[in-house]
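Asks: give the three-dimensional model of this entry:
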Amino acid sequence: MINRVAIFVSGGGSNMKALVADMQADHPARVCVVVSNNEDSGGIAWAREHGIATEVVDHRPYGDDRASFEAELTTALNRHGPDMICLAGFMRVLTAGFVTPWHGKMINIHPSLLPKYTGLHTHARALNAGDKIHGCTVHEVTALLDDGPILGQSKIDVVMGDTPDTLAARVLVQEHRLYPAVLRRYCVGITSVLHL
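Replies: Numbering: from 1, shown residues only. Here you go, the predicted structure:
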């Protein structure tokens with residue numbers, strides 16, 4: 001069975017592109033829609049250029065009313081019938097009301113070695129802590145931020161002279177390797193931690 005995957009993006013969508021590029025031939029998944037909260041997202045533009053269905057639900061008109069925003073997200077998703085969701089740089093925190101129905105069917109990539117450095121500014125925080133090793137994590141999404149079961153991690157060495165930007169660039173290379181590899185395994189029920 002082919003898994004229909006919705007990919008959520010807010011920016012340029014480089015992880016989305018890596019996932020889509022890998023969803024070929026014998027891959028057990030195909031993208032069915034790219035969803036964003038940002039009409040100007042480069043990821044949305046790229047998906048449209050490549051003939052992939054898109055949905056944009058701007059969060060701004062909803063203000064602090066996350067439930068209404070997420071209800072509209074659900075309506076948009078339902079038009080495409082996804083089996084699972086991959087968060088790929090989606091910069092909105094989703095509430096338990098949205099996440100819970102997708103339990104076991106939503107994964108995310110995060111630019112740190114969880115459980116270290118949930119949330120934002122992970123590269124600067126790793127440098128400020130004097131870490132020698134940094135990296136990225138793919139995990140199942142739960143109602144707690146960046147807290148679900150870990151599915152895969154990739155590590156890099158922190159080198160002398162690293163800045164948040166140089167570290168981010170090297171971690172991103174690993175993200176593009178790790179996320180597609182984990183998705184392939186996850187679609188066929190493999191949830192043991194992959195180390196790349």
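Asks: just the helices in this protein please.
Replies: 14-22, 42-49, 66-78, 96-99, 122-128, 164-187 (DSSP state H).
Asks: buried deepest among those helices, which one?
Replies: Highest mean neighbour count of the helices of the chain: helix 14-22, a mean of 20 (counted as mean count of other Cβ atoms under 10 Å). Where C-beta positions appear, they are placed from N, C-alpha and C, glycine not excepted.
Asks: that helix to helix 42-49, inter-axis angle?
Replies: Computed with axes from the mean of the first three to the mean of the last three Cα atoms, to 10 degrees, the direction of helix 14-22 lies at 30 degrees from that of helix 42-49.
Asks: so helix 14-22 versus helix 164-187, what angle?
Replies: 40 degrees.
Asks: show me the chain divided up by domain.
Replies: Domain segmentation of the chain under automatic domain parsing yields 1-102, 108-196.
Asks: ok, residue 6 to residue 101 distance?
Replies: Using Cβ to Cβ, to the nearest Å, residue 6 is found at 13 Å from residue 101.
Asks: then residue 94?
Replies: Counting by Cβ to Cβ, the gap from residue 94 to residue 101 is 11 Å.
Asks: compare those two (neighbour count), which wins?
Replies: Neighbours per residue (other Cβ atoms under 10 Å) separate residue 94 from residue 101, with residue 94 holding more: 22 against 10.
Asks: now the more buried one: how far from residue 6?
Replies: Relative to residue 6, residue 94 is positioned 13 Å away (Cβ to Cβ).
Asks: cool, and residue 188?
Replies: For residue 188 relative to residue 6 (Cβ to Cβ), the value is 19 Å.
Asks: of those two, who's got more company?
Replies: Legend: neighbour count by other Cβ under 10 Å for residue 188 and residue 6, higher for residue 6 (25 against 10).
Asks: surely the more buried one is in contact with residue 88?
Replies: No. Look at residue 6 against residue 88 with Cβ atoms under 8 Å: they stay out of range, at 10.3 Å.
Asks: any weak-confidence spans in the chain?
Replies: For the chain, no stretch has pLDDT under 70.
Asks: residues contacting residue 18?
Replies: Counting by Cβ atoms under 8 Å, 6 or more residues apart in numbering, residue 18 makes contact with 175-177, 179-180.
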